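Asker: Okay, here's the prediction I keep looking at, along with the sequence it came from:
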Amino acid sequence: MRRCAVLGAVALAGALALTGCSGSGSHAGSGAGAGKAELSVSSSYMPQPVSADMAAGFLTITNKGGAEDELTSVSSDVAGEVTMHSTVGGAMAEKSSFAVPAHGRLVFRSGGNHLMFEQLKRAPKQGQKVTVKLTFAKSGPVTVEMPVESATYHPSTGH
């Protein structure tokens with residue numbers, strides 16, 4: 001009986017230690033409590049634009065928290081405007097917001113949901129980074145440094 005109690009205490013201590021660890025990426029929210037979103041951003045990139053006035057952007061927003069949040073706007077110093085789009089069945093539609101489900105992900109990828117950087121103020125080149133500010137309904141804003149990749153880049157991460 002005493003051995004089970006010791007093993008249980010060790011397991012609990014290990015779980016608590018792991019809770020304090022976090023991976024790379026930007027974070028918003030505080031804690032994985034039932035009432036809060038815990039957001040992180042990964043796999044962000046912008047293919048080098050082939051147009052002088054427009055570019056696309058892709059990323060994944062993960063919510064490890066117990067509450068849904070909503071991406072309500074995106075801005076960048078490189079563009080006059082950044083709009084959000086969904087693509088379903090080959091039809092693209094501008095969206096005013098996207099839900100980020102509790103314990104889920106919102107994925108922006110080529111051929112699906114994506115960001116459009118319009119009215120480019122400068123032409124981002126491969127190897128540079130573009131600063132992007134993501135604004136959420138409940139969590140604080142998240143700033144991401146989005147690397148500019150080749151125009152034909154396709155991530156191997158599967159997003």
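Answerer: Received, thanks.
Asker: can you tell me how far residue 120 sits from residue 43?
Answerer: Per Cβ to Cβ, to the nearest Å, residue 120 is found 22 Å from residue 43. C-betas here are computed from N, CA, C, even on glycine.
Asker: Equivalent analysis for residue 153, please.
Answerer: Residue 153 is 12 Å from residue 43, by Cβ to Cβ.
Asker: Then residue 54?
Answerer: 21 Å.
Asker: same check, this time on residue 77
Answerer: Residue 77 is 21 Å from residue 43, by Cβ to Cβ.
Asker: just residue 69 next, same as before
Answerer: In terms of Cβ to Cβ, residue 69 sits 18 Å off from residue 43.
Asker: Who has more neighbours out of those two?
Answerer: The neighbour count for residue 69 versus residue 43, taken as other Cβ atoms under 10 Å, is higher for residue 69 (24 against 17).
Asker: Show me the shaky parts of this structure.
Answerer: Applying pLDDT under 70 to the chain flags residues 1-34, 157-159.
Asker: Would you map the helices across the protein?
Answerer: 2-19 (DSSP state H).
Asker: show me where it has strands.
Answerer: 26-28, 39-47, 54-63, 69-76, 79-88, 91-95, 98-100, 104-108, 114-120, 129-136, 142-149 (DSSP state E).
Asker: buried set for the third one?
Answerer: The neighbour-count check on strand 54-63 (16 or more other Cβ atoms under 10 Å) flags 55, 56, 57, 58, 59, 60, 61, 62, 63 as buried.
Asker: now do stretch 98-114
Answerer: Buried, per 16+ other Cβ under 10 Å, within stretch 98-114: 98, 100, 102, 106, 107, 108, 109, 113, 114.
Asker: How about stretch 139-156?
Answerer: So stretch 139-156, judged by 16+ other Cβ under 10 Å, has buried residues 139, 142, 144, 146, 148, 149.
Asker: Can you list the neighbours in contact with it?
Answerer: The contact list for stretch 139-156, computed with Cβ atoms under 8 Å, 6 or more residues apart in numbering, reads 26-29, 36-37, 39, 41, 43-50, 57-59, 69, 110, 124-136.
Asker: For residue 117, which residues are in contact?
Answerer: By Cβ under 8 Å, 6+ apart, the neighbours of residue 117 are 46, 49, 54, 55, 56, 57, 76, 78, 79, 82, 130.
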